[in-house]
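Asker: return a 3D structure for these sequence lines:
(2 chains)
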Amino acid sequence: MRTIPALLLLSLVVWADDPFGSAWKKVHEPEDDSWKSVKQELIFNNSSEPETLDPAIMTGVPEHTLALGLYEGLVSQDPETLVPRPGVASRWTVSEDGLVYAFKLRKNAKWSNGAPVTGEDFRWSWYRALTTIDCDYAYLFYCIEGAEAFHRAFAKNPKAKPSYEEFQAKVKVVAGEGTFSVTLRSPTSYFLDLCAFETFMPVHRKTVEKHGDRWTFGGNWVGNGPFLLASWERRKHIIMTPNPHYWDARFVKLKKITALPIDEKDTSYRKFTQGEVHWIKSVPIAKIDEARRKPEYFVAPYLGSYFYRVNTTRKHLKDKRVRQALSLAINRKSLTRDVTRAGQIPAPYFCPPIRAAAFTPVAGWSYDVDRARALMEAASYPNGKGFPKLTIFYNTDEDHKKVAERVAQMWRENLGIKVALQNSEWKVYLKDVERLDYDIARAGWIGDYTDPMTFMDMWLKDGGNNNTGWSSEKYDALIRAAGKEIDLKKRADLFRKAESILIEDEFPIIPIYIYVNQGMRVDNLLGWYENVRDLHPFQYMYFEPK
Amino acid sequence: MGKLLPVEFSALGVVEFVWIALAFGALSCVAAVGDRRITVAVWLGLLAVGCGLVRMLTLEEPSAWNRWGPVLFAPPFAAGLALLGGVGRLRASWLAIALVVCSFSARPFGLHPWHNLDAWALLAFVGVALAALLAGPGTLRRNVGRWRWPLVIAFFVLCLWRAPLGVHWAYGIVLLILLALIYGILAQGREMRAYVRRRLFGAPIVLLIIMVASFVMIRSAPGGPFDTDKNTSPELKEAQEKFYGFDEPLYVQFGKYFGRLVWDGNLGKSFKQRGRYVNEIIEDHMAPSIQLGLAATALALLVGVTAGVVAGIRRNSIFDYSSMTVAMLGLALPTFVVGPFLVLAFSIKIPWFRVAGWDEFPRDLILPAITLSLPFMARVARLTRAGMLEIVSQDYVRTARAKGLSEPSIVIRHTLKGALLPVVSFLGPAIAQLLTGSLVVEKIFQVPGLGSEFVNGAFNRDYELVMGLVILFGTLLLVFNLIVDVAYAFLDPRIRHA
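Answerer: I've put the predicted structure just below:
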């Protein structure tokens, strides 16, 4: 008797979890019609003016936030759990070797001008992304068979754009009647995640060809998302209204969305407290204590890591014992409690836990002054004697400065070494880090997709962003193996082994904390969820009566 | 040839037409006198058609509007000139040069057909005014005659009424200032005109030096527009630099930049704000800066001069001490303290204004204008007071008193003119500074002005944007310094007749 309810429950769970069913979406529906009595107009602060609304070349968070309203990829993501949900594709299958993804596209998917969204649209959009010189995220396509060679050939001679026919011949993307299939060069478990990412979102070919790089301006814009670009007044606001041609337009409840570009945190916070906006994405540090007492305050872990790079080519930092000691001598808990204060998670590890990839980070080495001192002594710098002055380099920012000051103080007190601070504006900082002209440099990394790979492939020997002068064949082999592994558990283990090299042995980086999202949101805005990617698809949101 | 007029043209309302007609009428009146009208009209028409043809053949991204704009608008303009009185002592060649300048410099604005018309009218106006300035004495006064005030008022009212917080009234006020300037210069006599002419010819050289210097400086700063913290490969970055021509020698890059600027009036495209022309960015964000800057200037002058005069006359009185203390505070308090304080007081505690934003006029203008004007107000008050103190003890003021003139008459007609001299010399650079925006005030109140564009442009290594703004700011500074010189001559007869 007892098994029946359990079975029933199990089948219910399976049914509700069917990615291609409609049950998962029901969860996000309002319970009754009371929401209809409320004005469904959202005003939020997007924190800065977007550089572009062209999905192929956008790279920032404010742009991505808006892209979720304006475009829809093959796949979308669950607003709460971020698991892949149907987008333009109503269902898909993955071959057993994890290499071939076959999508079935819905027939009623339409552009905002009423034209149907087809597989051809996607194929052309991907071709366009790969042949657009400003597409910084082109490397995300490299997992597709033939894409890397195609893009590298283009980058060699950027003024001669390879033809669409060449793309069709070389890159394994096939668009059929209502179908779309992609062949990967090696199994990529996060490929569906990529399909929901902005760089993979479709653009309307005729519009782009007609208006060039000004196709998102004025009345030119055409998109396929749940919302339309109604107006874009630079540095004033962006207004989005529901797209009547969206295939699930009936599900969309907001009538108007206004995105403000306020980059001044204090102004933004004041606007919220005055009731002029419904949702802001940050709170100034000075106001955190006040904000925390309010029910509107939210804080959640974010898929991002704050860490220090160590220049391993410097003579005194070549010895890994010194690097180990530097990491051991940082009291991360006190740092996040007293300095950053927004609830950041003190982390002696680098990659945050990622449920979708079954990844939990290695433990890392926590604060241990005695061991740090012993290591310094072993490296023949007893009590820091003879150790040259160390400089912490950061891009000019009040918050980074506070962290650096505290870390410097800990190193001075715990290791007896001399530490100085140095700051530069962003571009100079990037250049100096790239040229390895630093001792210790502050850094941050936000995951591009929900997978450890986006964190781990940075430290490959030829990683475009390594900038530490460190490399290890063993590490590279592990990451490469993880890239080919299909089994999630085994893959996660490979990543863990690699991470262990990084932060339990070699220390080309010193992890400090895991970022958080924090901000304020009015209570009666529902269909809005905290998640590690800070992704908030607008079609789920609605206001409930207070 | 079937599609000469773009679709947007049909959308132009009656108001637009009235406005344009009036603007052109005003222009024509300003320039019009004498004979040779037909010759010049034909000349101008031909020139304009020529410009249009050259442009049509050379533009990279031509639209019907850009191509035919000059062709369409120059002939009626020229005909209007001729019909309303001809050109008289205005030298035809000057007028022609002015028109060529206009038609080329209208190109940057050629992106929005609607703005295009306004920009055209504006630039043509400036061009004709320049021509009038260079042409000879008294032209303006004689020709416009009793029409000038109705015209000015009609123009101003139309600008104001057209768009509450739009571009137009800001441009209208700038135009009025220019008009006053030209009027002022024309009234000054031969030496002054020669001086102004020299300065005007010197200006392009100064600008060129500024351009070269900043071109070299911005490009030698470490980092470039394509440096990011993204995981892009070095090859892609190299490709991007190659694509945008950064691999060429600096002088070649400058040559191309300069050539495009002179030929086409095109300041290039921003690297950061994808797809946007720098001309467009300036056009969009100049208006808020001008509005805010003018409001702040007006406020600073009104309050500053009044307080200064009263403090100067009632020296050592309570009013003197208190107003100078307030002025000291205004100088000492930075805007990032005053701004949030005003917000706290008048948006949060007493909710009269919005916390930040730039939509409602004049509500959203008041707090930022006060914040921006405060330090200038304080300077003006102190300078006026000092000037007053010096002048009141002069012999001619004593004479005026001895003649039995009333106190207001002494202050306004005799003292103030001299006392304002230091204020005027301060105002030139100050106004240029106010107009080009203030980063802090723009941030606190979310004003979409030019100050933030400049600073962010520099941080992002957005070369084209920074260059464009340097040129704009350089020009403004030159113009306002010129205005100061002219105003000086107006206020101080010794200079005028020297």
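Asker: which parts of stretch A:130-150 are buried?
Answerer: A:130-148, A:150 (16 or more other CB atoms under 10 Å in any protein chain shown). Glycine gets a C-beta too; all of them are placed from N, C-alpha and C.
Asker: how far away is the residue of the stretch 301-450 of chain B found nearest chain A from A:Asp534?
Answerer: Closest residue of the stretch 301-450 of chain B to chain A, CB to the nearest CB: B:Pro448 (3.5 Å). Separation of B:Pro448 from A:Asp534 (CB to CB, to the nearest Å): 26 Å.
Asker: who has more neighbours out of the two?
Answerer: B:Pro448 (22 against 19; other CB atoms under 10 Å in any protein chain shown).
Asker: how about the secondary structure of the more buried one?
Answerer: At B:Pro448 the chain is in coil, as set by DSSP: H, G, I helix; E, B strand; the rest coil.
Asker: okay, domains of chain A per the record?
Answerer: A:6-22+A:36-253+A:522-543, A:299-517 (automatic domain parsing).
Asker: rewinding a little: which secondary structure element contains the spatially closest residue to the residue of the stretch 301-450 of chain B closest to chain A that is not a sequence neighbour?
Answerer: The shortest distance from B:Pro448 to any residue other than its chain neighbours is 3.5 Å, reached at A:Arg235 (CB to CB, 6 or more residues apart in numbering or on different chains). Assigning secondary structure by DSSP states H and E places A:Arg235 outside every helix and strand.
Asker: A:Arg235 contacts B:Ala287, correct?
Answerer: No: at 12.0 Å, A:Arg235 does not count as touching B:Ala287 under the criterion of CB atoms under 8 Å.
Asker: shaky segments in chain B?
Answerer: For chain B, the stretches flagged by pLDDT under 70 are B:1-190, B:193, B:263-265, B:437, B:490, B:493-498.
Asker: can you tell me how far the residue of the stretch 301-450 of chain B closest to chain A sits from A:Pro261?
Answerer: 9 Å.
Asker: which residues do the two both contact?
Answerer: A:235-236 (CB atoms under 8 Å, 6 or more residues apart in numbering or on different chains).
Asker: I figured A:Phe150 hits A:Tyr164, correct?
Answerer: No: under the criterion of CB under 8 Å, A:Phe150 makes no contact with A:Tyr164, lying 11.4 Å away.
Asker: A:Leu335 in helix, strand or coil?
Answerer: Applying three-state DSSP: A:Leu335 is helix.
Asker: ok, now which ones touch it?
Answerer: Residues near A:Leu335 by CB under 8 Å, 6+ apart: A:346, A:403, A:406-407, A:512-513.
Asker: repeat that with 7 Å
Answerer: Listed by CB atoms under 7 Å, 6 or more residues apart in numbering or on different chains, the contact set of A:Leu335 reads A:346, A:403, A:406, A:512.
Asker: in the sheet, who's paired with A:Trp279?
Answerer: A:Phe44, A:Arg521 (DSSP bridges).
Asker: from chain B, how far off is it?
Answerer: A:Trp279 is 16 Å from chain B, where distance means CB to the nearest CB, to the nearest Å.
Asker: does any part of stretch B:336-343 sit near chain A?
Answerer: Yes: Stretch B:336-343 reaches chain A (CB under 7 Å from any CB of the partner chain) through B:340, B:343.
Asker: which residues of chain A lie near chain B?
Answerer: So chain A meets chain B at A:51-52, A:54, A:57, A:59, A:133-134, A:136, A:138-139, A:152, A:155, A:158-159, A:213-214, A:217, A:234-236, A:262, A:264, A:266-267, A:270-271, A:274, A:276, A:425-428, A:430-431, A:458, A:464-465 (CB under 7 Å from any CB).
Asker: give me the three-state assignment for the residue of the stretch 351-500 of chain A found nearest chain B.
Answerer: At 2.9 Å from chain B, A:Lys427 is the closest residue in the stretch 351-500 of chain A, using CB to the nearest CB. Here A:Lys427 is recorded as helix under three-state DSSP.
Asker: that one: how many residues sit nearby?
Answerer: Around A:Lys427 there are 20 other residues, counting by other CB under 10 Å.
Asker: was I right to think it contacts B:Phe226?
Answerer: No: the pair A:Lys427 / B:Phe226 is not scored as a contact, 10.1 Å apart, by CB atoms under 7 Å.
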